[in-house]
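S.K.: the following block contains a protein sequence and its predicted model.
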Amino acid sequence: MKSALRSDFDSDFISNLPNNIIDNILGCLPLRDAVSTSILSREWHYKWMSCPDIVFDFWFDQMFLGGHKLEPLVYQILKLHKGPLLKFVLQVPDLKSSPAIDEWVRLLPNKTLQDLTVHVSRGETHKLTDHLFTFQQLRSLKLYNCVFDPALGFKGFPKLVNLELQSVDLVPETFGRFVASCPNLERLRLILCTSFDHLEITGPKLKYFEFHGVFKSISFKNCPLLSEVKLTFSSMEFKRGNRFSLDLVKSLCTLPALEDLQLQAYALEDLVEHGAPNKLPLSLTTLKNLHLSDMYFEKIEETSCAISFIRSCPNLQKLKITAFTFDVVDAVADFLRSQRSSESFTQLKTVKMQLFSGIEAEMEFVKYLLASATALEEMTITPHAGSVTDGGESILNEIKRYPRASPSVEIFNSEGNYGNKHVSV
């Protein structure tokens, strides 16, 4: 008898769990699978309706939507939903702007919703209604191909932690005030949004900031925790006047917790007007990890300014350079050969050179680093597949002959899918 009772209990163990635990389990399932639990029994017929997360994404489109129309399905699921809804994701492929999107957003409970994603992937930019700004419990907001224009007098999202805007039309004159009105914001991503004459970022709890687009100047105010910054530019439009680079570095120097920085190398070109390649008159003393992307080793100005910037990061531990070089310019190699800095990179431990073609300027840059980094432990070379035909062996054979300041440095050749080849030194 005891065995039979135990068997019955074990066979329906999940159904005997508290409702909040069942809701959490259903929330981990794709929407299609959560709805499918309705066939398990009469008791399970309506359980999916209280699932805290509703996600319409690629998998929903591929596995559930089939030949059905999206609009009536979304509307029906939202109308049937019961209980608190915490997360709503609208990210199906080929979603176009339509009034239905605003109807769905109006059906969302503004007292419980914490995570909202609206991804319009085709057609015109979607103008969201002001109902968006009633979700005062939001912790994460992701918008793609939308118009974001907070209503006059909007006081921000007090609980917002993560904000991602991609291909979003913004109002530059008011966006800075909006960011400042979200006091708990920790992550901010602005990708291919409206161009800014001046971008002001305020965030007492901001830790991560990523920007890809165009601004002519930037300032950071009250960002004591901002430790990771990624800045890339979608055009050269920002390069007007010769103070852009210096002003950018000055703004970065105001961040007391900055440790990780990714920056396109050509954004530093104007430093040649301010003493490059010598050390800058200001330092990024907290910076530990630096990634300079799109590095043109065919331009003396860019190479000179990159060296100047690296010299101005006295506590740098990791350096990554992604090359973007097509032509051989002898003058750049000659310039690098002339750089015998009396200052050593005493903290630099790791160097990664990506898309490495092995042209003379790149080789001289590697030689310069090896001769200057007294604590270097590892250098990894990733050859450019379209430029290097022997997997980088000839490059490594030459690098092995270079003098180095660190007696313990190891050099690796990363060949993508072929793994790492270790070179004893």
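M.R.: Cool, the structure landed.
S.K.: CA atoms for contacts and neighbours, from now on please.
M.R.: Will do.
S.K.: what stretches of this structure score poorly on pLDDT?
M.R.: 1-50, 59-68, 237-242, 274-276, 341-342, 415-425 (pLDDT under 70).
S.K.: so Asp102: helix, strand or coil?
M.R.: In three-state terms, and counting by DSSP: H, G, I helix; E, B strand; the rest coil, Asp102 is helix.
S.K.: likewise Thr117?
M.R.: State at Thr117, reduced to three classes by three-state DSSP: strand.
S.K.: measure how buried it is and give me the count.
M.R.: By the criterion of other Cα atoms under 10 Å, Thr117 has 18 neighbours.
S.K.: quickly list what it is bridged to.
M.R.: The partner list for Thr117 in beta bridges (DSSP bridges) reads Val89, Lys142.
S.K.: which residues touch it?
M.R.: Phe88, Val89, Leu90, Gln91, Leu141, Lys142, Leu143 (Cα atoms under 8 Å, 6 or more residues apart in numbering).
S.K.: those residues: which two are farthest apart?
M.R.: The distance between the two most remote of these (Cα to Cα) is 13.0 Å, for Gln91 and Leu141.
S.K.: and those two? Which one has more around it.
M.R.: Counted by other Cα under 10 Å, Gln91 and Leu141 do not tie: Gln91 has more neighbours, with 21 against 18.
S.K.: surely the more buried one meets Ile54?
M.R.: No: checked against Cα atoms under 8 Å, the pair Gln91 and Ile54 is beyond contact range at 11.1 Å.
S.K.: these two touch, right, Ser293 and Leu261?
M.R.: No: using Cα under 8 Å, Ser293 is not in contact with Leu261, being 10.7 Å away.
S.K.: residues contacting Phe157?
M.R.: Taking Cα under 8 Å, 6+ apart as the test, what Phe157 contacts is Phe133, Phe135, Gln136, Gln137, Leu138, Ser181, Cys182.
S.K.: again, but for Phe211
M.R.: Neighbours of Phe211 in contact, by Cα under 8 Å, 6+ apart: Arg189, Leu190, Ile191, Lys230, Leu231, Thr232, Phe233.
S.K.: before we move on, what SS does it have?
M.R.: Phe211 is classified as strand under three-state DSSP.
S.K.: bridged to it, which residues?
M.R.: Leu190, Leu231.
S.K.: number the residues from 59 up from this point.
M.R.: Done: numbering now begins at 59, and the last item shifts to Phe269.
S.K.: measure the residue nearest to Phe114 when sequence neighbours are not counted to Asp173 for me?
M.R.: Once flanking residues are discounted, Phe114 sits nearest to Leu148: 5.0 Å by Cα to Cα, 6 or more residues apart in numbering. In this view, Leu148 and Asp173 are 11 Å apart by Cα to Cα, to the nearest Å.
S.K.: next: Asp328.
M.R.: With Cα to Cα as the criterion, Asp328 and Asp173 are 41 Å apart.
S.K.: please look at Pro151 and Leu128 and confirm they touch.
M.R.: No: in this structure, Pro151 is not within contact of Leu128 by Cα under 8 Å, at 10.8 Å.
S.K.: grab the most central residue of the chain for me.
M.R.: With distances taken as Cα atoms, centre = their mean, Glu268 lies nearest the centre of the chain, 5.5 Å away.
S.K.: state the distance from that one to Val307.
M.R.: 16 Å.
S.K.: can you give me the neighbour number for Gly261?
M.R.: 23.
S.K.: ah, wrong one, I meant Gln412
M.R.: 18.
S.K.: any buried residues in the host helix or strand of it, and which?
M.R.: Using DSSP states H and E, Gln412 falls within strand 408-414. By neighbour count with 16 or more other Cα atoms under 10 Å, strand 408-414 contains the buried residues Thr408, Val409, Lys410, Met411, Gln412, Leu413, Phe414.
S.K.: contacts for it?
M.R.: 375-382, 420, 434-443.
S.K.: same deal with stretch 380-388?
M.R.: 349-357, 411-415, 417-419.
S.K.: sitting in helices, which of those residues do you find?
M.R.: Glu418, Ala419 (DSSP state H).
S.K.: tell me who's in contact with Pro372.
M.R.: Pro372 neighbours (Cα under 8 Å, 6+ apart): Ser341, Leu342, Thr343, Phe403, Thr404, Gln405.
S.K.: likewise for Phe302?
M.R.: Phe302 neighbours (Cα under 8 Å, 6+ apart): Lys274, Ser275, Phe296, Ala325, Asp328.
S.K.: which one of the residues you listed is nearest Thr447?
M.R.: Using Cα to Cα, the contacts of Phe302 come closest to Thr447 at Ala325, 31.3 Å.
S.K.: quick check: the closest one touching Ser303?
M.R.: Yes: between Ala325 and Ser303 a contact is recorded at 6.1 Å, counting by Cα under 8 Å.
S.K.: for the protein, what spans make up the helices?
M.R.: 60-69, 77-85, 89-94, 116-118, 128-138, 157-164, 230-238, 302-310, 358-369, 388-395, 418-430, 451-457.
S.K.: these: which one's closest to Ser464?
M.R.: helix 418-430 (7.5 Å).
S.K.: what's next to that closest one, contact-wise?
M.R.: Here helix 418-430 has contacts from 355-356, 386-388, 390-391, 394-395, 397-399, 401-403, 414, 434, 457, 460-464, using Cα under 8 Å, 6+ apart.
S.K.: from Glu420, how far out is Ser180?
M.R.: Careful, residue 180 is Arg; it's not Ser. Counting by Cα to Cα - Arg180 and Glu420 are separated by 42 Å.
S.K.: just to revisit the earlier point, redo the contacts of Phe269 as TSV? Include distance to Ser430.
M.R.: Listed next are the contacts of Phe269 as TSV, based on distance: Cα to Cα, whole Å:
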residue	distance to Ser430
Arg247	36
Leu248	37
Ile249	36
Lys288	26
Leu289	27
Thr290	28
Phe291	30
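S.K.: tell me the one of those residues nearest Thr187?
M.R.: Looking across the contacts of Phe269 and measuring by Cα to Cα, the closest to Thr187 is Leu248, at 20.7 Å.
S.K.: got the contact list for the closest one?
M.R.: Glu222, Leu223, Gln224, Glu268, Phe269, His270, Gly271.
S.K.: the same query, at a cut-off of 7 Å, please.
M.R.: Contacts here follow Cα atoms under 7 Å, 6 or more residues apart in numbering; on that basis Leu248 touches Glu222, Leu223, Gln224, Glu268, Phe269, His270.
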